[in-house]
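**Q** sequence and computational prediction follow.
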Amino acid sequence: MSDTFDLSQSTLVDRFLRYARVHTTSAEDSETFPSTVCQLDLARLLVDELKQLGLQDAEVDGYGYVMATLPSNLPPEEAARVPVIGLLAHLDTYHGVTGENVNPVIHRNYQGGDLALPGDPDQVLKVSDNPELKDFVGDDIITSDGTTLLGADDKAGVAEILAAVEYMVQHPEYKHGPVRIGITPDEEVGNGTKYFDVAKFGADYAYTLDGGYPGEVENETFCADTAIVRITGRDVHPGYAKGKMTNAVRVASHFISLFREDALPETTEARQGYLHPYQLEGNVSAAKITILLRDFEVEGLERHRLWLEQAAELTRGRFPGAKVEMEIKESYRNMVYKLQEEPQVMGFALEAVQRAGIKPLLRAIRGGTDGARLSYMGLLTPNLFAGGMNFHSKQEWVAVGSLYKAVQTVLHLLRIWCERAGR
């Protein structure tokens with residue numbers, strides 16, 4: 001079964017461009033929540049637009065979370081049997097590439113070949129690096145001008161959710177159950193669910209729209225921990241240091257040198273896990289190494305932990321005067337463990353993609369999503385494609401057809417939940 005809903009692509013594109021131009025970069029080193037005040041500019045804009053669409057309970061709370069309800073338009077007895085479905089995306093854009101003064105460019109009727117971005121001659125979207133471009137010949141491609149990121153991660157998802165709501169409001173013949181809208185801040189700095197109130201949100205199941213290529217449905221994330229290794233050395237005057245100094249910088253360097261070359265982010269892919277020493281700070285007296293542990297299985301995390309303990313012991317043997325201590329903090333777990341408890345949540349998503357006329361692509365994320373944490377907070381939340389490509393880059397792009405297909409998928413998904421309610 002494949003059919004389409006009558007959507008205005010131009011209206012959808014205008015919506016996405018409007019959001020992309022709003023500066024919403026989050027910040028890693030902020031002590032506030034949300035981490036940047038600019039995210040609230042888009043939050044308030046979305047509340048205004050949701051209210052204009054008739055969602056009168058739309059609000060942004062003190063933490064920057066936008067929430068709203070689209071009530072069911074089914075008869076009361078039927079509506080009571082349909083679960084409340086949440087649709088989620090995030091406000092912020094990646095902090096490592098500027099997202100201020102975004103100037104989106106639409107490359108009309110793409111006919112293949114490389115795309116030069118007009119704001120920076122060094123930024124060329126090459127087919128050799130982006131083979132997916134070949135799948136969008138004849139489509140319109142949206143990029144930035146090359147001086148900033150585009151912000152399709154995740155303003156594509158935000159625009160698609162609002163477009164789906166607009167369609168449902170304007171087409172009362174389309175029957176749906178209760179829908180909750182949630183737009184979160186600070187996802188890019190790992191805090192998208194930090195103050196998310198699952199009970200207040202009130203959804204039975206939810207979906208994030210934060211994926212890439214059309215058709216992708218992601219039901220797995222890494223299991224993730226963070227290891228903090230603290231090294232205490234001994235500092236004395238270097239002119240009189242023989243037999244006395246223990247240089248914590250050298251100890252840290254030795255520890256990192258033990259990492260296996262085939263178990264790093266830059267040498268792994270697909271379902272391979274990794275250890276990633278990504279922060280190092282210190283001096284002769286003390287040093288701190290922060291390490292990401294990633295694997296799709298909890299057993300893999302345990303192997304990583306044991307290896308780190310062995311490396312710490314070897315380092316103590318090499319530098320007897322050093323104190324080497326390690327603390328491991330849990331970050332999140334693979335959401336598949338939770339999603340397996342209620343397989344229809346994924347099954348309906350895959351069916352919705354198929355009904356939208358796309359080949360479903362069941363994939364695992366080499367990273368995490370808000371949905372991973374929400375699934376362990378009691379709200380099962382797999383991830384749907386939003387269409388963006390080259391996230392976190394000045395060469396980020398999205399095809400207009402991908403935006404359109406994502407909205408179609410959402411509408412099919414909500415319809416399926418109505419069809420299967422009570423069965």
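**A** Arrived safely, thanks for sending. All values reported here derive from a predicted model rather than from experimental measurement.

**Q** shaky segments in the protein?
**A** 1-2, 422-423 (pLDDT under 70).

**Q** show me the helices in it, by range?
**A** Assigned by DSSP state H, the helices in the chain fall at 9-20, 39-52, 76-79, 152-170, 198-201, 248-257, 298-318, 336-339, 344-355, 370-376, 400-420.

**Q** adding distance to residue 213, write those out as JSON lines.
**A** C-beta here means a position set from N, CA and C on the backbone, and glycine is covered the same way. Shown next, in JSON lines, are the helices of the chain (distance: least, CB to CB, whole Å):
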{"stretch": "helix 9-20", "distance to residue 213": "17"}
{"stretch": "helix 39-52", "distance to residue 213": "25"}
{"stretch": "helix 76-79", "distance to residue 213": "34"}
{"stretch": "helix 152-170", "distance to residue 213": "12"}
{"stretch": "helix 198-201", "distance to residue 213": "28"}
{"stretch": "helix 248-257", "distance to residue 213": "35"}
{"stretch": "helix 298-318", "distance to residue 213": "26"}
{"stretch": "helix 336-339", "distance to residue 213": "20"}
{"stretch": "helix 344-355", "distance to residue 213": "11"}
{"stretch": "helix 370-376", "distance to residue 213": "18"}
{"stretch": "helix 400-420", "distance to residue 213": "8"}
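
**Q** now distance to residue 125 and mean neighbour count too, for those helices, in CSV please.
**A** Shown next, in CSV, are those (distance: least, CB to CB, whole Å; neighbours: other CB atoms under 10 Å):
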stretch, distance to residue 125, mean neighbour count
helix 9-20, 17, 19
helix 39-52, 26, 18
helix 76-79, 46, 12
helix 152-170, 13, 25
helix 198-201, 37, 14
helix 248-257, 35, 19
helix 298-318, 35, 15
helix 336-339, 33, 19
helix 344-355, 26, 20
helix 370-376, 28, 26
helix 400-420, 15, 22
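
**Q** and of the ones you listed, who's closest to residue 275?
**A** Counting by CB to CB, residue 275 lies closest to helix 298-318 out of these; the figure is 5.7 Å.

**Q** show me what contacts the nearest residue to residue 100 once chain neighbours are set aside?
**A** Residue nearest to residue 100 in three dimensions, not counting chain neighbours: residue 23, with 4.6 Å by CB to CB, 6 or more residues apart in numbering. By CB atoms under 8 Å, 6 or more residues apart in numbering, the contact list for residue 23 reads 38, 41, 99, 100, 101, 102.

**Q** what pairs with residue 141 across the strands?
**A** residue 107, residue 399 (DSSP bridges).

**Q** ok, the most centrally placed residue in the chain - contacts?
**A** For the chain, the residue sitting closest to the mean C-alpha position, by CA atoms, centre = their mean, is residue 369 at 4.7 Å. Residues in contact with residue 369 (CB under 8 Å, 6+ apart) are 208, 210, 218, 221, 335, 381, 383.

**Q** how near is the residue nearest to residue 100 to residue 153?
**A** 15 Å (CB to CB, to the nearest Å).

**Q** do residue 295 as well
**A** 24 Å.

**Q** again with residue 409
**A** Residue 409 is 18 Å from residue 153, by CB to CB.

**Q** one more: residue 360?
**A** Counting by CB to CB - residue 360 and residue 153 are separated by 21 Å.

**Q** residue 276 bridge partners, please.
**A** residue 292.

**Q** would you mind confirming that it is in contact with residue 295?
**A** No: counting by CB atoms under 8 Å, residue 276 stays clear of residue 295, with 11.7 Å between them.

**Q** looking at those two, which has the bigger crowd around it?
**A** residue 295 (21 against 18; other CB atoms under 10 Å).

**Q** quick revisit: just the contacts of residue 23 now: which is nearest residue 271?
**A** residue 99 (31.3 Å).

**Q** quick check: that closest one vs residue 279, distance?
**A** Residue 99 is 23 Å from residue 279, by CB to CB.

**Q** likewise residue 193?
**A** Taking CB to CB, one finds residue 193 at 23 Å from residue 279.

**Q** swap in residue 361?
**A** From residue 361 to residue 279 the distance is 34 Å (CB to CB).

**Q** neighbour count for the two, which is higher?
**A** For residue 361 and residue 279, the more surrounded residue by other CB under 10 Å is residue 361, and the numbers stand at 16 against 12.

**Q** show me what the more buried one bridges to in the sheet.
**A** Beta-bridge partners, per DSSP bridges, of residue 361: residue 216.

**Q** for it, what are its contacts?
**A** Residue 361 neighbours (CB under 8 Å, 6+ apart): 213, 215, 216, 217, 353.

**Q** one more time with 10 Å
**A** Under the criterion of CB atoms under 10 Å, 6 or more residues apart in numbering, the neighbours of residue 361 are 211, 212, 213, 214, 215, 216, 217, 218, 350, 353, 385.

**Q** cool, residue 103 as well?
**A** 17, 20-21, 117-119, 143-148, 150.

**Q** again, but for residue 411
**A** Counting by CB under 10 Å, 6+ apart, residue 411 has contacts 4-5, 7, 163-164, 167-168, 171, 174, 176, 352, 355-356.

**Q** which of those sits closest to residue 311?
**A** Of those, the one sitting nearest to residue 311 (CB to CB) turns out to be residue 352, at 46.0 Å.

**Q** quick check: the closest one vs residue 19, distance?
**A** Taking CB to CB, one finds residue 352 at 23 Å from residue 19.

**Q** could you do residue 283 as well?
**A** 45 Å.

**Q** please look at residue 181 and residue 71 and confirm they touch.
**A** No: taking CB atoms under 10 Å as the definition, residue 181 is not a contact partner of residue 71, at 11.9 Å.

**Q** nice, that's everything, thank you.
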